[in-house]
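Visitor: how would this look folded up:
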Amino acid sequence: MFRELKRYGLDPFILTLFGAILLAWIAPQWGAERASWSPAEVAGWGVGVIFFFYGLRLNGEQLRVGLRNIRLHIVVQLTTFVLFPLLTLGVMAGVDIQADYYLWLGIFFVATLPSTVSSSVVMVSMAGGNVPAAIFNASISSLLGVFLTPLWMSLFLRADAGANSLQAVIVSLVFQVLVPVGAGMALHRWWGGFAERNRKWLNLFDQAVIIAIVYTSFCESFARRMFESVSWPLLAALTAGMTALFFVVYGLVEVVCRRMRFDRPDRIVALFCGSKKSLVHGTVMSKVLVADHTLTGILLLPIMIYHAMQLVVVGIIARRMGETPPASTPKKTE
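Guide: Alright, predicted model coming up:
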């Protein structure tokens, strides 16, 4: 059953994520508690470990190889941190966002997040794309997001409205993300092989921490009845909107790639790395951005939907691209 579901992007991780939300809805009290060994505190400590092992797996040589294609990197990073937010701001300017303010805030939060790391590289590899360039862009996107995501979110989140200050957010993210990544990269020479050999188990650990953060965030929101205004029609509209956002960005990047005459491997990198958003960074940053943790469930709802949708859609696209041989270059005739 899992093998069949995985063909459509519905792997056990996605199913467990939504199972965690269901459990939080049924019994939110335990996950909403805050104590020395509560799920929320344990998950918080796990974040640094996630990024440490991510840094441990980073290969400096692959990053140097990926650095060479400047035009591709500019397209990917501008898509991630400029095109997405501007498109979302354009939609928000044309509608009344006050009725569902925090839900719209969560949608804008999705638009400001960096690209995914592991899944982007896996999908690019599956489709026959430029893997070193994918590793470089996903890695740089993760580091830039520490600064650019809070900067964009500061347009709506103010310290006097229950949010942490921009300076405090960036300092916290530096210690939670950049410091562990830097420590892992420094130790890659000695422990990088161990991390690669145990990639499967480390990925399971990453997923367990994300599930714990999602579970506790939704527990706190359900306990304070933050989702009472989110009806099923509104949830369906949110899903449709997240899907539309993905395809609009994907289509625009496709046009740009053709205009800039990217070859097939680079075009795959631009399409996949540029259109994806990171659930890992979303779960971490949602906890840091707002002082009132009951709001984090609302902030995470759009990225949860977008993450599940992007895995399904990009998974299908990547498999089809991988099965389609690249167009051969015609031989010159004498």
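Visitor: phi, psi of residue 290?
Guide: Main-chain dihedrals, residue 290, degrees, to the nearest 10: phi -110, psi 140.
Visitor: gap between it and residue 48?
Guide: As judged by Cβ to Cβ, to the nearest Å, residue 290 and residue 48 stand 20 Å apart. Where you see a C-beta, it was placed from the backbone N, CA and C, and this is true even at glycine.
Visitor: And residue 258, by the same measure?
Guide: Taken as Cβ to Cβ, the span from residue 258 to residue 48 is 42 Å.
Visitor: What sits closest to residue 118 if chain neighbours are left out?
Guide: residue 203 (6.9 Å; Cβ to Cβ, 6 or more residues apart in numbering).
Visitor: name the element that neighbour belongs to?
Guide: helix 199-223 (DSSP states H and E).
Visitor: Quick check: which helices or strands does that helix pack against?
Guide: Secondary-structure packing of helix 199-223 (3 or more Cβ pairs under 8 Å, 6 or more residues apart in numbering; DSSP states H and E): helix 12-26, helix 28-32, helix 39-57, helix 279-289, helix 296-323.
Visitor: the inter-axis angle of it versus helix 12-26?
Guide: Orientation of helix 199-223 against helix 12-26 (axes from the mean of the first three to the mean of the last three Cα atoms, to 10 degrees) gives an angle of 20 degrees.
Visitor: And for the residue nearest to residue 118, the neighbour number?
Guide: 13 (other Cβ atoms under 10 Å).
Visitor: separation between it and residue 272?
Guide: Residue 203 sits 18 Å away from residue 272, going by Cβ to Cβ.
Visitor: Where among the helices and strands packed on helix 199-223 is average confidence lowest?
Guide: Note on the helices and strands packed on helix 199-223: lowest mean pLDDT is at helix 28-32, with a mean of 68.
Visitor: Check what pLDDT the closest residue to residue 13 other than its chain neighbours gets.
Guide: Nearest residue to residue 13, sequence neighbours excluded (Cβ to Cβ, 6+ apart): residue 207, at 5.0 Å. At residue 207, the model reports a pLDDT of 80.
Visitor: I'd like to know how far residue 207 sits from residue 57.
Guide: 15 Å.
Visitor: mind listing the helices for the stretch 51-200 of the chain?
Guide: Here the stretch 51-200 of the chain has its helices, by DSSP state H, counting those that start in this stretch, at 60-66, 70-78, 84-93, 101-112, 118-127, 131-153, 166-173, 179-186, 188-197, 199-223.
Visitor: Format the ones you listed as TSV; extra columns: distance to residue 234.
Guide: What follows is these, written out as TSV (distance: least, Cβ to Cβ, whole Å):
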stretch	distance to residue 234
helix 60-66	41
helix 70-78	31
helix 84-93	16
helix 101-112	8
helix 118-127	28
helix 131-153	22
helix 166-173	28
helix 179-186	37
helix 188-197	42
helix 199-223	15
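Visitor: what's the closest of the ones you listed to residue 251?
Guide: helix 84-93 (11.5 Å; Cβ to Cβ).
Visitor: And the closest one, how far out from the chain middle?
Guide: Centroid separation for helix 84-93 versus its chain: 18 Å, with Cα atoms, centre = their mean, to the nearest Å.
Visitor: buried set for that helix?
Guide: Within helix 84-93, the residues that qualify as buried are 84, 85, 88, 91, 92, counting by 16 or more other Cβ atoms under 10 Å.
Visitor: Which one of those residues is nearest to residue 166?
Guide: Within the buried residues of helix 84-93, proximity to residue 166 (Cβ to Cβ) peaks at residue 85, which comes in at 15.8 Å.
Visitor: Okay, now the unreliable bits of the stretch 1-150 of the chain?
Guide: 1-11, 30-44, 61-62, 65-66 (pLDDT under 70).
Visitor: got a list of what residue 227 touches?
Guide: The contact partners of residue 227, taken as Cβ atoms under 8 Å, 6 or more residues apart in numbering, are 221, 297, 298.
Visitor: So it: helix, strand or coil?
Guide: Three-state call for residue 227 (DSSP: H, G, I helix; E, B strand; the rest coil): coil.
Visitor: measure it to residue 119 for me?
Guide: Counting by Cβ to Cβ, the gap from residue 227 to residue 119 is 27 Å.
Visitor: Likewise for residue 320?
Guide: 17 Å.
Visitor: Can you pick out the residue with more neighbours from those two?
Guide: Shown here are residue 320 and residue 119; by other Cβ under 10 Å, residue 119 has more neighbours (22 against 10).
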